[in-house]
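Chemist: generate coordinates for the sequence data below:
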Amino acid sequence: MIIERMTFQAKYGQGDALVSLFREFNRTHAKKHGLSTAKIYTDFTGEMFTVIVDTAFKDLADMAAEQAKNEALYGDPAFQKWFARMEPLIRSGSRQLISSVRA
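Modeler: Got it, this is the predicted structure:
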């Protein structure tokens, strides 16, 4: 299994607004475009206003297939409006690909 982990630092006080937008994405854009529903996490300790979005894939082929759907998503006017609402909330972000290890 591969996890794509995107970690965002929301601007001060904007963490809840960013979480709301990712929940909206799961309900609308993910379903409409056949994308996986992401798990959303927030900071419990550490840097404040951290929002983490994890998406799980069976393997690299599954991830590549989803990436093709994501690329098509950028041409959707509804997604572009959603993304424009997200951009002003974010200070920075990073992306990791992590995999599970069998014991």
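
Chemist: host element of residue 63?
Modeler: Counting by DSSP states H and E, the secondary-structure element that holds residue 63 is helix 60-73.

Chemist: what's next to that helix, contact-wise?
Modeler: Residues outside helix 60-73 that contact it (C-beta atoms under 8 Å, 6 or more residues apart in numbering): 2, 4, 29, 33, 34, 35, 36, 55, 57, 79, 97. Where C-beta positions appear, they are placed from N, C-alpha and C, glycine not excepted.

Chemist: report the buried members of the residues you listed.
Modeler: Buried subset of the contacts of helix 60-73 (neighbour count, 16 or more other C-beta atoms under 10 Å): 4, 29, 35, 36, 55, 57, 79.

Chemist: who's the spatially most central residue of the chain bridged to?
Modeler: Centre of the chain computed as the mean C-alpha position; nearest residue by C-alpha atoms, centre = their mean is residue 53, 4.3 Å away. In this structure, residue 53 has beta-bridge partners residue 6, residue 40, where bridges are defined by DSSP bridges.
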